[in-house]
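[1] Structure of the sequence below:
(one chain, ligands or ions: 1)
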Amino acid sequence: MPRSQKIIAASKISASKKSKRRNIYNINSTEDPRTTPNIQTDKSLEAIGSLEENLWRRLSTYLEPKQINDIKRAYVFSSEQHKGQTRISGEPYIYHPLSAATILADMNMDSASISAAILHDIIEDTPINKDHIEKEFGYEVASLVDGVSKLENIDFSSRAEADADNLAKMLLAMVNDLRVILVKLADRLHNMRTLNVMSYDKKRRIARETLDIYVPIALRLGINEIRQELENLSFQSLFPIRYKVLKNAIKKRRRNRKELMAKTGATLLNCLQDSGIKIKVIGREKTVYSIYKKMRVKKLSFSEVFDVYGFRLIVNDIDACYRALGAVHNLYKPVPGKFKDYIAIPKANGYQSLHTVLFGLKGTPLELQIRTEDMDNIAATGVAAHWKYKTADNSPAHNHAREWLNNILEMQQSARNSFEFLENVKIDLFPDEVYVFTPAGDIMELPREATALDFAYAVHSDIGKNAIGVKIDKIHSPLSTALRNGQTVEVITSSVGKPSPAHLDFVVTAKARGSIKHYLKNLQDQQASDLGERLLDESLKRHSSSLKETSFEQVKPFLKSTKITCIEDLCKEVGLGNLMAPILAQRIVGAEQQSFKKPSTWPSWLLRRRRAKSLFIKGTEGMVVSFANCCHPIPGDPVVGVASAGHGLVVHRQACNNFSKLRKSPETTIDIEWADDINRDFSAKIRVITKSQRGSLAGIASTIANQGRNIAGVNIEENEGNYTSLTFLVDIPNRKALADVIKAIRTLSNIHKVVRAIG
Ligand code: MN
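    Next up is the predicted model:
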């Protein structure tokens, strides 16, 4: 209950001055000059009068006179204490607790709950404390009132902290006594019904809290009538325009609908009575919110949702439920796959009913719920039905509630503070989903833990693919941000946005995950396969063969330890670097050439290598062939290829020190030769030892340049004594050109030594 909804009089009649007057509306607010005058009109007093009468009448239908007397005593006490206080709307304050009590009376709640509802704001808004209430009305009532009262005299560092602590307190009180939440829901429901007097911001905040906390709690406990009304009222406050549009649409259609409803209802009633079933047929109309929710979540048009006719058939016993089902299925054709038996298998919150959908008059869908009176009460009030019927401590609804409350207690014990506790309760309340909004106001339902990127994919897979960021409630946020209920999410897309493997680390929805994986796999497969095909074909061409001329059968013998079953897979593996194209080509062609007379004492790989023609390397093959940085081979050097997965074929000079180490695993080495027509430069290192003298570096550099060669790098080491070691990394096409450069440097003065550096 928002405090500001009350105007609390500055002075109160002291608690000890107990009035026995029953008609509290005779109390004139003008007795207290500080109370806003002229707000307690005759009209509001009249309203209280009829509300009061209605309550006593309602209570007399199910409570003992003694219990009613207890409630009346609480009422007199509460009226006295709230005397002089008014609500923002102008009514005397007592109107509010009286209304809350009426809501509970309509659910046939027990006298303690109703007394507590009447007294629920006493602790917060009057000088009376819990002990005082206990003395007057007993421990039970006092505990309930205390449970719904906010914490007092505590300095909260923020409003959020206060809200969290108060909510935590209420939840724990609820664990001890479920009736606390029923009193609280009645309080909240009346506040929501009278929310219009509040400011826009306050309205929205209260409505949001109602949807986030109270609606799911009511749902969890099966208190559906209150839940639906709370949802509808919250929706109206949060989205007044949407509410109005839908409301008008409903109004417009209602007349047509009415006739068809009446006709259908009468037909159902006749049919069932003819079958000898005692029955009550109740037409149902969906709430604005439930229509809205269905439209959004199931992506249906207004007509698709609204033009469904709902009826509830109330019968005497379970047997009659099934007989009624048979009768209506005989009357109208059932829609296949829509029948649900929640009698045999009740829902978790204890809900029981038969559901079926029929093709009704003019083919319009007809939704039927068939159940007994008891089941109907549980469907409407859930755990509250427990107090009505006293059936039970082990009714499904009650057991389920108990289980949940125990959970809450555990959560409280393991949480470090109220925020954490509440967060866990909220997660528990929406175990499966989080509801967020598109900028256009469409509701999107996502699993809990879903991130902004999941949202993007949920909107459309193309939006997910091109998403580069999001705005959550207008604030720029990363795609990995986890979403919370009620946030508005706007996806920022760009054509440069692409799915990445990193996205898989945080998306949770199957749709996003599948879409990203599919994209990556396609991309990878396609790229790898294209590359592999090209590499393999080129390698084979060097053996005067080609991929076209090669059958999978020829390759098969070399793939025994792999799962490759076709040429496409083979190309993919080559493209991914798991298989080396030159080696494969050499083996394929080699195997062809020496398929006869194979000395069995020689290992087969050696045979193939010996017999195989050497490969030529083309300088353009940067993607698979690379040149070792240790020995810098250039055309004309005797070379050898070393295959390594992920690095392709690395070309070393046969004279390289590193290669002599690699020689130990000969399976990875391959004979290669330089091609004849190479049109590119390679790197070679030239080491020059020169007398340390100014200008020597410049002299050598210009000599190299004059030979038409580019210097890619220089390393200078001052040796001890008079000598300097200069190492030039020179771009050079072949050995002949390198020899020319070395020769030219040697002609310079003061040069001690010029060599090609190895390793
Ligand atoms: Mn209240």
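
[2] interface residues of the stretch 101-250 of the chain facing the ion?
    Applying C-beta under 5 Å from the ion, we find that the stretch 101-250 of the chain lies next to the ion at 121, 187. Where C-beta positions appear, they are placed from N, C-alpha and C, glycine not excepted.

[3] pLDDT below threshold where in the stretch 101-250 of the chain?
    Residue ranges of the stretch 101-250 of the chain with pLDDT under 70: 152-157.

[4] Neighbours of the closest residue to the ion within it, how many?
    Nearest residue of the stretch 101-250 of the chain to the ion (C-beta to the ion) works out as D187 at 4.1 Å. A total of 24 residues lie near D187 under the criterion other C-beta atoms under 10 Å.

[5] Hmm, it is touching L98, no?
    No - between D187 and L98 there is no contact under C-beta atoms under 8 Å: 11.7 Å.

[6] how much space between the residue of the stretch 101-250 of the chain closest to the ion and V714?
    Distance, D187 to V714, using C-beta to C-beta, to the nearest Å: 84 Å.

[7] And for S545?
    45 Å.

[8] what do you get for V383?
    Distance, V383 to V714, by C-beta to C-beta: 85 Å.

[9] and those two? which has more neighbours close in?
    Using other C-beta under 10 Å as the criterion, V383 and V714 rank with V383 on top: 25 against 15.

[10] Quick one: residues contacting the more buried one.
    When contacts are counted by C-beta atoms under 8 Å, 6 or more residues apart in numbering, V383 is found next to 178, 182, 221-223, 350, 397-398, 401.

[11] do I226 as well
    The contact partners of I226, by C-beta under 8 Å, 6+ apart, come to 103, 185-186, 189, 218, 381.

[12] same check, this time on T364
    Contact partners of T364, counting by C-beta under 8 Å, 6+ apart, are 260, 307-309.

[13] again, 10 Å this time
    257, 260, 264, 307-309, 358 (C-beta atoms under 10 Å, 6 or more residues apart in numbering).

[14] I'd like the residues you listed laid out as TSV, including distance to the ion, neighbour count and pLDDT.
    Below are the contacts of T364 laid out as TSV (distance: C-beta to the ion, whole Å; neighbours: other C-beta atoms under 10 Å; pLDDT from 0 to 100):
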residue	distance to the ion	neighbour count	pLDDT
R257	37	17	81
L260	42	16	85
T264	42	21	90
D307	40	15	80
V308	37	18	83
Y309	38	22	87
L358	44	23	92
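
[15] how far away is the closest residue to S626 other than its chain neighbours from the ion?
    Closest residue in space to S626, ignoring its immediate chain neighbours: V650 at 5.4 Å, by C-beta to C-beta, 6 or more residues apart in numbering. Distance of V650 to the ion, computed by C-beta to the ion, to the nearest Å: 79 Å.

[16] Quick check: V650 touching V642?
    Yes - between V650 and V642 there is a contact at 4.9 Å, judged by C-beta atoms under 10 Å.

[17] For the residue of the stretch 501-650 of the chain found nearest the ion, give me the backbone phi and psi.
    Proximity of the stretch 501-650 of the chain to the ion (C-beta to the ion) peaks at V508, 39.4 Å away. Main-chain torsions, V508, degrees, to the nearest 10: phi -120, psi -20.

[18] Which phi and psi values does the residue most central in space within the chain adopt?
    When C-alpha atoms, centre = their mean is applied to the chain, the residue found nearest the centroid is A450 (1.8 Å). Main-chain dihedrals, A450, degrees, to the nearest 10: phi -60, psi 150.

[19] Wait, it touches V508, no?
    Yes - using C-beta under 10 Å, A450 is in contact with V508, at 5.4 Å.

[20] Mind listing the shared neighbours of these two?
    A482.

[21] re the thing from before, quick one: the residue nearest to the centre of the chain and the ion, what's the gap?
    From A450 to the ion the distance is 35 Å (C-beta to the ion).

[22] what does A380 give?
    Applying C-beta to the ion to A380 and the ion gives a distance of 23 Å.

[23] Which helix or strand contains the residue nearest to that residue when sequence neighbours are not counted?
    Counting by C-beta to C-beta, 6+ apart, E225 is the residue found nearest to A380 once chain neighbours are left out, at 4.6 Å. Element membership of E225, judged by DSSP states H and E, is helix 224-238.

[24] Okay, helices next: where are they in the stretch 201-350 of the chain?
    215-220, 224-238, 240-274, 288-297, 302-306, 318-331 (DSSP state H, counting those that start in this stretch).

[25] Tell me what angle the third one forms with helix 318-331.
    Using axes from the mean of the first three to the mean of the last three C-alpha atoms, to 10 degrees, the direction of helix 240-274 lies 100 degrees away from that of helix 318-331.

[26] Who are the packing partners of helix 240-274?
    Using 3 or more C-beta pairs under 10 Å, 6 or more residues apart in numbering; DSSP states H and E, the elements in contact with helix 240-274 are helix 200-209, helix 224-238, strand 279-284, helix 288-297, helix 302-306, strand 309-315, helix 318-331, strand 365-372.

[27] which parts of the shortest one are buried?
    For helix 302-306, the buried set under the neighbour-count rule, 16 or more other C-beta atoms under 10 Å, comprises 302, 305-306.

[28] need the strands for the stretch 601-750 of the chain, in chain order.
    Here the stretch 601-750 of the chain has its strands, by DSSP state E, counting those that start in this stretch, at 615-617, 625-627, 639-644, 648-653, 669-674, 682-691, 710-718, 723-732.

[29] in stretch 510-526, what's buried?
    Using 16+ other C-beta under 10 Å as the test for burial, stretch 510-526 gives 512, 515-516, 519-520, 525.

[30] So which of those residues sit within helices?
    Among the buried residues of stretch 510-526, the residues falling in helices (DSSP state H) are 512, 515-516, 519-520, 525.

[31] Now do the strands in the stretch 401-550 of the chain.
    In the stretch 401-550 of the chain, the strands defined using DSSP E, counting those that start in this stretch lie at 433-437, 443-447, 467-472, 475-477, 489-493.

[32] Between those, which one is closest to the ion.
    Closest among these, using C-beta to the ion: strand 433-437, at 27.2 Å.

[33] quick one: average confidence on the closest one?
    With pLDDT averaged residue by residue, strand 433-437 scores 77.

[34] Surely the residue nearest to A380 touches A218?
    Yes - here E225 reaches A218: they are 9.0 Å apart, a contact under C-beta under 10 Å.

[35] who touches both of those two?
    What both E225 and A218 touch, as defined by C-beta under 10 Å, 6+ apart, is the set 189, 381-382.

[36] Could you pull up the residues touching the residue nearest to the centre of the chain?
    433-434, 436, 444, 457-458, 482-483, 506-509, 512.

[37] what's the spacing between it and A482?
    A450 is 7 Å from A482, where distance means C-beta to C-beta.

[38] joint contacts of the two?
    Residues touching both A450 and A482 (C-beta under 10 Å, 6+ apart): 434, 506, 508.

[39] from those, which would you call buried?
    By neighbour count, with 16+ other C-beta under 10 Å, the shared contacts of A450 and A482 hold 434, 506 as buried.

[40] any chance of the shared contacts of A450 and A482 in JSON lines, plus distance to Y139?
    Compiled in JSON lines, the shared contacts of A450 and A482 are given as follows (distance: C-beta to C-beta, whole Å):
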{"residue": "V434", "distance to Y139": "40"}
{"residue": "F506", "distance to Y139": "51"}
{"residue": "V508", "distance to Y139": "47"}
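
[41] and which of the shared contacts of A450 and A482 is nearest E373?
    Distances from E373 to these, taken as C-beta to C-beta, are shortest for V434 (37.1 Å).

[42] Isn't that closest one up against F455?
    Yes - assessed by C-beta under 10 Å, V434 is found in contact with F455 at 9.5 Å.

[43] any common contacting residues for these two?
    444, 446, 483, 487.

[44] ok, the third one - contacts?
    Read it as L483. With C-beta under 10 Å, 6+ apart, L483 has these contacts: 434-436, 444, 446, 448-455, 470, 472, 477, 489.
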